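Enquirer: Need a 3D model of the following:
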Amino acid sequence: MLAAVVTTIATGSVVFAADWPEFRFGPTHPGLNPAENAISAGNVGSLATAWTAPTGNGVYSSPSVAGGTVYVGSDDGKLYAFDAAGMTNCSPGSPRTCSPVWTAATGGAVRSSPAVAGGTVYVGSDDGKLYAFDAAGLFNCSAGPPRTCLARWVTTTGAIVRSSPAVSNGVVYVGSDDAGLYALNATTGMVIWKTITGAAVRSSPAVAGGVVFVGSDDKAVYALDAATGAVLWKTTTGAAVRSSPAVANGVVYVGSDDTGLYALNATTGQVVWKTITGASVRSSPAVSNGVVFVGSDDTNVYALDAPTGAVLWTAPALSLVRSSPAVGNGLVYVGSDGGSLSVFDALGSANCSGTPKICSPLRTVPTGGLLRSSPAVADGVVYVGSVDGRLYALAPPGPPPCTRSLAGDVAGPVTVGSAESVCITSARVTGPISVDPGGALTVNGSRITNGVVATSPSFFSLCGSQVAAPTGNRAQGVVVTGARSPVLVGDPAVGCAGNRVAGDVSLTGASAGLTLGANTVSGNVSVDNNPSLAVVKANMIFATLACSGNSPPPTNSGQTNAAAAKTGQCAAL
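Expert: Purely as a prediction, here's the structure:
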């Protein structure tokens, strides 16, 4: 659905709204994909490796996603382009293994992260050059497979380029170890201007309001006129600045090796606040809903109040965190030198406790090596590189293909067998529905009498439907026990309309998470003994909402439930 929505960015090119086209998402470096909604707190418990793609060496580069292709560099000196869906050039199996659609060689390791704009992908290399390639892998490319591509243009700087390019208004901005920040014509690669700082520029520039912001190893953060390169202001920190700035609401957020995260006035460079961590901050901040998220070499992830710098929550003991957080749909994704991608609740409510508040991951997915690459979240998939030489694509399981479809008037009972995937759409089912262990059920816009009961389903989704319990047995309204994949019973945020249930709802033992959202229930709701996060939000319940034995405790994701009574773990929801 999201792939059909497009937006025009500053260069005039058209990209999918769900894309992540450059380092930190866009020129202002928010580290946030506002269009992402497929992965939620209710299904992140099932996040797993869908496919991997080997390269010839470690992957420190961060992936970018645009137009159905994911791009990433490798220490083997190549830029790789893979099918973002993990289908083209991919082997069967779980997880699948994918080969590139096309590759392009440079003269050195590619730790810079690619930027895609105007049909071109830009990336720096340790050979001291910035390259521009045809994003489609057609111009200047061999027949393949995989196709091998030569550059549209190459511009040489005075030293290695590990800064990641930002593209804005037809100009590519990138730093170099020659101490320079470059502005290049995006079409020709011609140098428009070069501004010299006092040391190497490994920070990646952010662009906002006609100003370029970047850090330098000379311990300073610079604001430069985007058109001329003139220095507008320079703010000195206590050590090298390799973190990349994020700009939001007139404030520049950036880390320093002096252990601090800084908030600087974007117009003057004045320090608004500085929050000290326990070690260098080379991770680049993400900003979402008034909160700044960043990692530190002290092994913590921090969530800070954007106006004040006050620590809202921390997540400790992740190992060194130089990967930069990515935010989407209320979730924070971050890698660490421990070799795992961890996911946290951005609000700091689910799986969090204590004063000061400390949070544990909602999900941790291991890779085969440490993660210096920063994740990109696009269209329901998390992409991240690992020093084990692979690109990883992580996603919750989707609904299985329908083996049987029902619509119109259906005389029950309906039984979903253990090997079946039954899809019921716009139907009137006059009888009970039961799902045997291993069966999959997807219901949309239907009316069901005599209830729905599922035991250990492999998939369960109930959206925009009316369900009536059997006469005299209210407890058999909607009953789901022991689900092995995420349970979805209403969540308009992901396109699943709430349901109306005349009877009770019981959701128990879901091992991969569940969401019960925006439903109207005439009876009781019980959410019990779920070993993964249960999201219970925005429901209207005419009897009791009771929750017990869930680990972690359920969350309402900031959307209160209305109920005649709330008890147990759901008392505050």
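Enquirer: Let's see the pLDDT reported for G398.
Expert: pLDDT for G398: 83.
Enquirer: Is it in a helix, a strand, or coil?
Expert: coil (DSSP: H, G, I helix; E, B strand; the rest coil).
Enquirer: Which residues are in contact with it?
Expert: If a contact means C-beta atoms under 8 Å, 6 or more residues apart in numbering, then G398 has no contacts. In this view, the C-beta of every residue, glycine as well, is placed from N, C-alpha and C.
Enquirer: How about G93?
Expert: By C-beta under 8 Å, 6+ apart, no residues touch G93.
Enquirer: Next, it: secondary structure please.
Expert: Reduced to three states by three-state DSSP, G93 is coil.
Enquirer: State the phi and psi torsions of it.
Expert: Taking degrees, to the nearest 10, you get phi 120, psi 180 for the backbone angles of G93.
Enquirer: Can you pull out the low-pLDDT segments for this protein?
Expert: 1-17, 317 (pLDDT under 70).
Enquirer: So which residues of the stretch 51-200 of the chain form strands?
Expert: For the stretch 51-200 of the chain, strands defined by DSSP state E, counting those that start in this stretch occupy the ranges 64-66, 69-73, 78-83, 96-97, 102-105, 115-117, 120-124, 129-134, 147-148, 153-156, 166-168, 171-175, 180-185, 191-196.
Enquirer: Strand 129-134 and the third one, what's the angle between them?
Expert: An angle of 30 degrees separates the directions of strand 78-83 and strand 129-134 when computed by axes from the mean of the first three to the mean of the last three C-alpha atoms, to 10 degrees.
Enquirer: What are the contacting residues of strand 78-83?
Expert: Contacts of strand 78-83 (C-beta under 8 Å, 6+ apart): 53, 55-56, 68-74, 89-90, 98-106, 110, 114, 121, 123, 131, 133, 135, 137, 391.
Enquirer: The same query, at a cut-off of 6 Å, please.
Expert: When contacts are defined by C-beta atoms under 6 Å, 6 or more residues apart in numbering, strand 78-83 is touched by residues 53, 55, 69-73, 98, 100-105, 110, 123, 137.
Enquirer: Can you read off the backbone torsions of the nearest residue to G439 once chain neighbours are set aside?
Expert: Counting by C-beta to C-beta, 6 or more residues apart in numbering, G439 lies nearest to V416, which is 3.8 Å off, once chain neighbours are set aside. Backbone torsions for V416, taken as degrees, to the nearest 10, come to phi -100, psi 110.
Enquirer: didn't V416 look like it was pressed against V435?
Expert: Yes. With contact defined as C-beta atoms under 6 Å, V416 counts as touching V435 (4.3 Å).
Enquirer: overlap in contacts of the two?
Expert: Common contacts of V416 and V435 (C-beta under 6 Å, 6+ apart): L441.
Enquirer: So V387 is in contact with G368, correct?
Expert: No. Using C-beta under 6 Å, V387 is not in contact with G368; the gap is 8.5 Å.
Enquirer: Quick check, central residue of the chain?
Expert: The C-alpha lying nearest the average C-alpha coordinate of the chain belongs to V377 (C-alpha atoms, centre = their mean; 3.1 Å).
Enquirer: ok, then the element right after the helix or strand hosting that residue?
Expert: Here V377, judged by DSSP states H and E, is contained in strand 376-378. Using DSSP H and E, the helix or strand that directly follows strand 376-378 along the chain is strand 381-385.
Enquirer: Who are the packing partners of that following strand?
Expert: With contacts taken as 3 or more C-beta pairs under 6 Å, 6 or more residues apart in numbering; DSSP states H and E, strand 381-385 sits against strand 390-395.
Enquirer: Show me what the strand it packs on pairs with in its sheet, parallel or antiparallel.
Expert: In the sheet, strand 390-395 lines up against strand 48-54 (antiparallel), strand 381-385 (antiparallel) (DSSP bridges).
Enquirer: Now do the last one against strand 69-73, angle only.
Expert: Orientation note: strand 381-385 sits at an angle of 20 degrees relative to strand 69-73 (the same axes, to 10 degrees).
Enquirer: now do the longest one
Expert: Following the same axes, to 10 degrees, one obtains 60 degrees for the angle between strand 48-54 and strand 69-73.
Enquirer: which residue lies farthest from the center of this structure?
Expert: Ranked by distance from the centre of the chain (C-alpha atoms, centre = their mean), the top residue is G472, with 45.8 Å.
Enquirer: need the contact list for it.
Expert: By C-beta under 6 Å, 6+ apart, the contact set of G472 is empty.
Enquirer: count of neighbours near T155?
Expert: Around T155 sit 22 other residues, with neighbours defined as other C-beta atoms under 10 Å.
Enquirer: Tell me how far the closest residue to it other than its chain neighbours lies from A183.
Expert: Excluding the flanking residues, the one nearest T155 by C-beta to C-beta, 6+ apart is G189, at 4.3 Å. Counting by C-beta to C-beta, to the nearest Å, the separation of G189 from A183 is 11 Å.
Enquirer: Pick out whichever of those two has more residues nearby.
Expert: Each of G189 and A183 has its neighbours counted (other C-beta under 10 Å); A183 has more, 25 against 19.
Enquirer: can you pull the contacts of the more buried one?
Expert: Applying C-beta under 6 Å, 6+ apart, one finds that A183 lies in contact with 171, 173, 192-193.
Enquirer: Repeat the analysis, applying 8 Å as the threshold.
Expert: 171-173, 191-194, 212, 226, 229.
Enquirer: Filter these down to the buried ones.
Expert: By neighbour count, with 16 or more other C-beta atoms under 10 Å, the contacts of A183 hold 171-173, 192-194, 212, 226, 229 as buried.
Enquirer: Closest one to S349 out of the residues you listed, please.
Expert: The closest of the buried ones among the contacts of A183 to S349 turns out to be V212 (C-beta to C-beta; 36.7 Å).
Enquirer: Show me the beta-bridge partners of that closest one.
Expert: Beta-bridge partners, per DSSP bridges, of V212: V207, L224.
Enquirer: One more: A378?
Expert: V381.
Enquirer: so how far is P21 from it?
Expert: As for A378, its distance to P21 is 9 Å (criterion: C-beta to C-beta).
Enquirer: Need the phi and psi values for the residue nearest to T155.
Expert: Backbone torsions of G189, given as degrees, to the nearest 10, read phi 80, psi 0.
Enquirer: who's in contact with it?
Expert: Contact analysis of G189 by C-beta under 8 Å, 6+ apart lists 130, 132, 152-155.
Enquirer: Out of those, which comes closest to S296?
Expert: Nearest to S296 among these, with distances taken as C-beta to C-beta, is L130, at 29.8 Å.
Enquirer: beta partners for the closest one?
Expert: Counting by DSSP bridges, L130 forms beta bridges with G124, T155.
Enquirer: tally of neighbours for it?
Expert: Residues contacting L130 under the criterion other C-beta under 10 Å number 26.
Enquirer: wait, doesn't it sit right on Y122?
Expert: Yes. Contact criterion C-beta atoms under 8 Å: L130 and Y122 qualify, at 6.5 Å.
Enquirer: Between the two, which contacts overlap?
Expert: Taking C-beta under 8 Å, 6+ apart as the contact rule, L130 and Y122 both touch 165, 172, 174.
Enquirer: Rebuild these as TSV, extending it with distance to A239.
Expert: Formatted as TSV, the shared contacts of L130 and Y122 follow (distance: C-beta to C-beta, whole Å):
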residue	distance to A239
P165	25
V172	28
V174	22
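Enquirer: Which member of the residues you listed is positioned nearest R404?
Expert: Sorting these by how near they are to R404, with C-beta to C-beta, puts P165 at the top with 50.4 Å.
Enquirer: The closest one: how many residues sit nearby?
Expert: Residues lying near P165 (other C-beta under 10 Å) number 29.
Enquirer: cool, and N89?
Expert: N89 has 18 neighbours, counted by other C-beta under 10 Å.
Enquirer: Now do the contacts for the residue nearest to it when sequence neighbours are not counted.
Expert: Using C-beta to C-beta, 6+ apart and skipping the chain neighbours, the partner closest in space to N89 is S99 (4.3 Å). Applying C-beta under 8 Å, 6+ apart, we find S99 in contact with 53, 82, 89-90, 145-146.
Enquirer: That'll do, ta.
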